[in-house]
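Q: Build the 3D model from these lines:
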Amino acid sequence: MLSSAALTAARRVLTSTGAAAPLRQSVGLAARALVLRPAAPSLRLISDSAPMRAAAAKATKSKSTKSSTKKPASKKPKAKKPVKKKAVKKPKKTPRKKVLTDEQKDKLEIKRLRQMALKGPTALPETAWNVFTVDNRMASIGHCNKIANQEAKKKWIESFPPEAIHAANLARRRLARKTDKSRTYLIHDERIPQRTGSGFTFFIKEHFNDNEGSPKDAMRNLSERWKALSNEEKAPYLKKAADIAEVSGAQLKELREKGAKYWKEKLASAKE
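A: Prediction:
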């Protein structure tokens, strides 16, 4: 649509007397075209309007939101845990044997022998003086104690096998040599075969009662008689001693082997 000022200007041109007809015709056509032509919308008004700006901003935001939101990534399958290999056990180091000195070896040997020697039961006082000093009792009590001690000792000895007693006597002998003791107390066990001795021993047993006087004189006399015998006269006594020694020697050897085995097991169990 033309404004009122434009229409007025057009009429003035058309009504002017000095203008030529062709000019009026062209101006009229131009005016008609201007009247018929619709007015162009104002771009500035459309672009600057607040509602349009809000709509444009919303559209831009929605696009940016869509573009920023990504699809969740597909989960990767979990990797299998590697199977742990069994740790190879390192071979144990064999402990080195401690090298002992001669003195340490002797101490260990003495300790072992004392264990094997066996300690007897505690004895009661036997003599009148011992009884008097202990509890001021009479000599008859000492005699009773002696009998009680013998019975207790016999019972204690029989609580061990014969091979243990035999090994104990051997240990006592060796212990006396190592500790420089002049006297050795052996355990008397009737189950152990005794050493027979020589032919002279059997000669003494046979002729001891033939002598008169003191035992010392009897031994001197028997010794002189033995020396005066010939080899043929000594032969029966020597043969008897040899035969008995052979039998008792085999028995003692067996007892020695059994005794060593007995104490080996006994001492090993004591360590555990």
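
Q: Do you have the strands of the protein handy? List them.
A: In the chain, no segments count as strands under DSSP state E.

Q: which residues of it score low on pLDDT?
A: Scanning the chain with the threshold set as pLDDT under 70 gives 1-88, 125, 128-140, 272.

Q: other SSEs contacting the lengthiest helix in it?
A: Longest helix of the chain, by residue count under DSSP state H: helix 231-271. Helix 231-271 is packed against helix 102-117, helix 162-178, helix 199-207, with contacts defined by 3 or more CB pairs under 8 Å, 6 or more residues apart in numbering; DSSP states H and E. The way it works is simple: take the backbone N, C-alpha and C, and place the C-beta from them, glycine included.

Q: if you compare those helices, which one is most tucked away?
A: Of all the helices and strands packed on helix 231-271, helix 162-178 has the most neighbours on average by mean count of other CB atoms under 10 Å, namely a mean of 19.

Q: State the phi and psi torsions of the nearest residue to S248 once chain neighbours are set aside.
A: Counting by CB to CB, 6 or more residues apart in numbering, S248 lies nearest to P193, which is 4.2 Å off, once chain neighbours are set aside. Note on P193: its backbone torsions stand at phi -60, psi 130 [degrees, to the nearest 10].

Q: Roughly how far does P193 sit from A117?
A: 20 Å (CB to CB, to the nearest Å).

Q: per the record, what domains does this structure have?
A: 1-15+22-37, 193-272 (automatic domain parsing).

Q: now these in a markdown table, with distance to Q150?
A: As requested, those are exported to a markdown table (distance: least, CB to CB, whole Å):
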| stretch | distance to Q150 |
| --- | --- |
| domain 1-15+22-37 | 160 |
| domain 193-272 | 19 |
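
Q: okay, now the residue nearest to S248: neighbour count?
A: P193: 17 surrounding residues under other CB atoms under 10 Å.

Q: quick one, what contacts it?
A: Neighbouring residues of P193 by CB atoms under 8 Å, 6 or more residues apart in numbering: V247, S248, Q251, L252.

Q: For G259, grab the count of nearby residues.
A: 23.

Q: Test my guess that it contacts A164.
A: Yes. G259 is in contact with A164 according to CB atoms under 8 Å; the separation is 6.1 Å.
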